[in-house]
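> mind looking at a prediction? Sequence and model below.
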Amino acid sequence: MADRKPIISGNWKMHLNHFEALKLVQELSYLITEDDVDAVDISLHPPFTDIRTVQTVLEADKLPFHLGAQHCHFEEKGAFTGEVAPSMLAKLNVGYVIVGHSERREVFGESDEMINKKVLAILAAGMLPILCCGETLEEREAGEAESKIARQVTAGMASVNAEQAADMVIAYEPIWAIGTGRTASAEDAQAMCAAVRSTVAGLYGDEVAQSVRIQYGGSVKPVNAHELMTQPDIDGALVGGAALEADSFARIAQFRLSE
């Protein structure tokens, strides 16, 4: 993992009202220590309706977690009913925004072009994108996994300069492992994350590629976190279901303590 600081991100998806969000954050504050956050960056990505509540408790209690969002629009303002502008999130001290998650691509039909616009808008607002990429089971079995993620990463980072790219987070999420209980083997996950880094190297050179943090996302649990996170090209995890329970998420964030 070189000297890249791991980042563990909890994607709450469409779960938890703002009371439940407050409870979860408070529980995490008791479980995650200063030593943990010295070793690992932790970002929490609640639904939009919870963000202000989570921001308030993080700042009032001086909790060392980064506030994140799951999505945003790429326009600054306008007649986009139901959407949220990047600057609105930045005003709430959001630091990381997930973009291009497979559910946004597959369920809501977001294109590579739209995702790239969001990446650029997130960066322009002073936040960092967590750019997602990944393949379906059919694509994997057809031998198209690496070409698919290379295409998504290349398109998603179009017009991003090298300095911006070096600070980004890229999440490799095999679509076939999300919410299914199936997990890529540590070796398979490493191979794909290495392919992501190789794609970045081809775009920006080795120095930038070695700075980019690459997460694995696909049914990450406490039982497999240590093996996944200690692979050389895996710099963290984008956690779904296990992020909704304080004990399991804390144990993932404390993967370095496991054997």
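Now that the structure is in, tell me what you want to look at.
> for residue 180, helix, strand, or coil?
Assigned by DSSP: H, G, I helix; E, B strand; the rest coil, the conformation of residue 180 is coil.
> just checking, it touches residue 219?
Yes: between residue 180 and residue 219 there is a contact at 6.6 Å, judged by Cβ atoms under 8 Å. Yep, even glycine has a C-beta here, placed from its N, CA and C like the rest.
> between those two, which has more neighbouring residues?
Using other Cβ atoms under 10 Å, the more surrounded residue of residue 180 and residue 219 is residue 219, with 21 against 12.
> need the contact list for that one.
177, 178, 179, 180, 181, 182, 183, 240, 241 (Cβ atoms under 8 Å, 6 or more residues apart in numbering).
> now it, what's its secondary structure?
Classified using three-state DSSP, residue 219 is coil.
> any idea how far it lies from residue 75?
Counting by Cβ to Cβ, to the nearest Å, the gap from residue 219 to residue 75 is 34 Å.
> show me where this structure has helices.
Here the chain has its helices, by DSSP state H, at 18-31, 34-39, 48-60, 86-90, 102-106, 112-124, 137-141, 145-156, 162-167, 186-204, 206-211, 222-229, 246-253.
> quick check: the gap between residue 125 and residue 94.
For residue 125, the distance to residue 94 equals 9 Å [Cβ to Cβ].
> now swap in residue 229 and tell me
25 Å.
> hang on, the earlier thing: quick check: ChimeraX command selecting the buried ones in the contacts of residue 219.
Remark: buried members of the contacts of residue 219, expressed as a ChimeraX selection using 16 or more other Cβ atoms under 10 Å:
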select :177,178,183,240,241
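> residue contacts, the residue of the chain most remote from its centre?
The C-alpha centroid of the chain is most remote from residue 79, which lies 28.3 Å away (Cα atoms, centre = their mean). By Cβ under 8 Å, 6+ apart, no residues touch residue 79.
> got the confidence number for it?
Residue 79 carries a pLDDT value of 98.
> distance of the closest residue to residue 227 other than its chain neighbours from residue 193?
Of all residues beyond its chain neighbours, the one nearest residue 227 is residue 186 (4.5 Å), with distances taken as Cβ to Cβ, 6 or more residues apart in numbering. Residue 186 sits 10 Å away from residue 193, taking Cβ to Cβ as the criterion.
> identify the contacts common to these two.
Jointly contacting residue 186 and residue 193 under the rule Cβ under 8 Å, 6+ apart are residue 231.
> cool, thanks, talk later.
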